[in-house]
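> model this:
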Amino acid sequence: MYENDYDLIVVGSGAAGIMAAIVAAREGKKVLLLEKLSKIASKLKATGGGRCNLTNTLSNEDFMARFGREGRFMQDALKAFDNKALIAFMDEIGIETHAPDGFRIFPTSHSSATIIEGLQKEMQRLDISVTCNQRVSRVLVTGKHIDGVKTQTDTFLAPNVIIATGGLGYPVLGAEGDGYNLASELGHKVTDLSPAMMPLRTKEEWVKNCRADTIAKVELRVNLKKHKKLRATGDLIFTNHGIRGPVVLDFAREVTPLLKKYEEVPLVLNLTKGMNEEQIQNHFKRELKKNSKQTILELVSTLIPTPLSREICNLANIHVDEKYKKIAGIKRAKLISLLAWTPLTITGHDGFKMAMITRGGISLKEIDPKTMQSKLINGLYFCGEVMNLDGPCGGYNLQWSFASGYLAGKLL
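Numbers count the residues shown, from 1 in each chain. Have a look, this model is predicted:
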């Protein structure tokens, strides 16, 4: 073997790429990990606000279901390396984990630095060559077989290459879509790419007056005839220009592709923890029995925070100091309707610079789910976010990265 000869070259040093490198090295392969930035694992360091939500406690079946119709693709990867296997692996390299809320699994340090340090030590132990500041410009192929890669300064040879370059989210952390370009040049199809897991901007300006509170158990629905089935429930936060919070981060993956088709995406929000109009009316009756002198603002504030109550009253064209019984019936009906389903119009987002995840990627039809190997070229593998598979918040995407990296690193 020449100096630049390896059994495997991994392109990208995120969770997927590092796991692939470790697995291959554990099986006796000579491995080179190439990273275009000056340090490895930049995006992993920022994951979960730096707390690094590794995975969660769901069964494999429930886990796959959260990824939608493409979720079954990960069946073999999860069978080989599920949440229990990931926890065991972390323990093996000296990282303790726990699930403080019974669902999300973190390192006990609640610091991604702990994870990166453990992974680096394991790569050093296995004598994996890690070279930073190396951008791969081309994957070298003869016929349908891999020869290696070319960077801006050198050529590295290997019969196997794993592309683990991630998506387009957070370009400041190195995400520029390199893997999509490399795959396209080799004949792979890349689906439409949209930013996901990000805040959304609204047409309505009243949202900026409601920034102080997190609204729990909000249900979001797309209010477009063809897309009525799109919905999600979780905690929501109003911002200066729109909405964010866990439910918005999850739902953004459904909304951003629609913004490409429509200039605006109308939503309706249930802000009253699932109460319908009749339940809201009954709630008001009970509250008025306790105190009949309440203003409408005080009454609505028994359901939702006061700043939001004020804005809902304004939308119903009701003065906040009015008494409920003195309000015209049509205005009462409007208020209750707005409390049950508040309209909001999504007009945009901040693009990939604020997106934690990319929706879309290399077509799964051209990848063998049992091995993560390309169906087009022998010795070419993919893992992690570069593929057309993304999930919600809660450790889903990181578990998928580790599991797909594990399977790709086996070089089956």
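> I'd say A316 and A333 touch.
No. Using C-beta atoms under 8 Å, A316 makes no contact with A333, being 9.1 Å away. From N, CA and C alone the C-beta is placed, and that goes for glycine too.
> Of the two, which one has the most company?
Neighbours per residue (other C-beta atoms under 10 Å) separate A316 from A333, with A316 holding more: 20 against 14.
> And for Q152, the neighbour number?
For Q152, the neighbour count with other C-beta under 10 Å is 10.
> Excluding chain neighbours, give the residue nearest to it in space.
Distance criterion C-beta to C-beta, 6 or more residues apart in numbering; nearest residue to Q152, sequence neighbours excluded, is R135 at 5.5 Å.
> Okay, that neighbour and F73: tell me how far apart.
Distance, R135 to F73, using C-beta to C-beta, to the nearest Å: 29 Å.
> So the two - more neighbours on which side?
F73 (19 against 15).
> Am I right that that one is in contact with P369?
Yes. Under the criterion of C-beta under 8 Å, F73 makes contact with P369 at 5.0 Å.
> that older thread, list the contacts for the residue nearest to Q152?
Contact analysis of R135 by C-beta atoms under 8 Å, 6 or more residues apart in numbering lists 36, 151-152, 178.
> again, only using 7 Å
Neighbouring residues of R135 by C-beta atoms under 7 Å, 6 or more residues apart in numbering: 36, 151-152.
> need the helices for the stretch 1-150 of the chain, in chain order.
With helices called from DSSP state H, counting those that start in this stretch, the stretch 1-150 of the chain shows them at 15-26, 42-46, 60-65, 75-80, 83-92, 112-125.
> Pick the most deeply packed of these.
With neighbours defined as mean count of other C-beta atoms under 10 Å, the helices of the stretch 1-150 of the chain peak in mean count at helix 15-26, which reaches a mean of 27.
> measure I87 to I105 for me?
In this view, I87 and I105 are 7 Å apart by C-beta to C-beta.
> Next, show the common contact partners of the two.
Residues touching both I87 and I105 (C-beta under 7 Å, 6+ apart) are T97.
> Need the nearest residue in space to D178, chain neighbours excluded.
T165 is the one closest to D178 (C-beta to C-beta, 6+ apart), at 4.8 Å.
> Is the one you found in contact with G12, as I believe?
Yes. Judged on C-beta atoms under 7 Å, T165 makes contact with G12 at a distance of 4.0 Å.
> so what's in contact with the two at the same time?
G179.
> Buried ones in whichever helix in the chain runs longest, by neighbour count?
Counting residues, the longest helix found in the chain (DSSP state H) is helix 246-261. Neighbour-count burial for helix 246-261 flags 246-259 (criterion: 16 or more other C-beta atoms under 10 Å).
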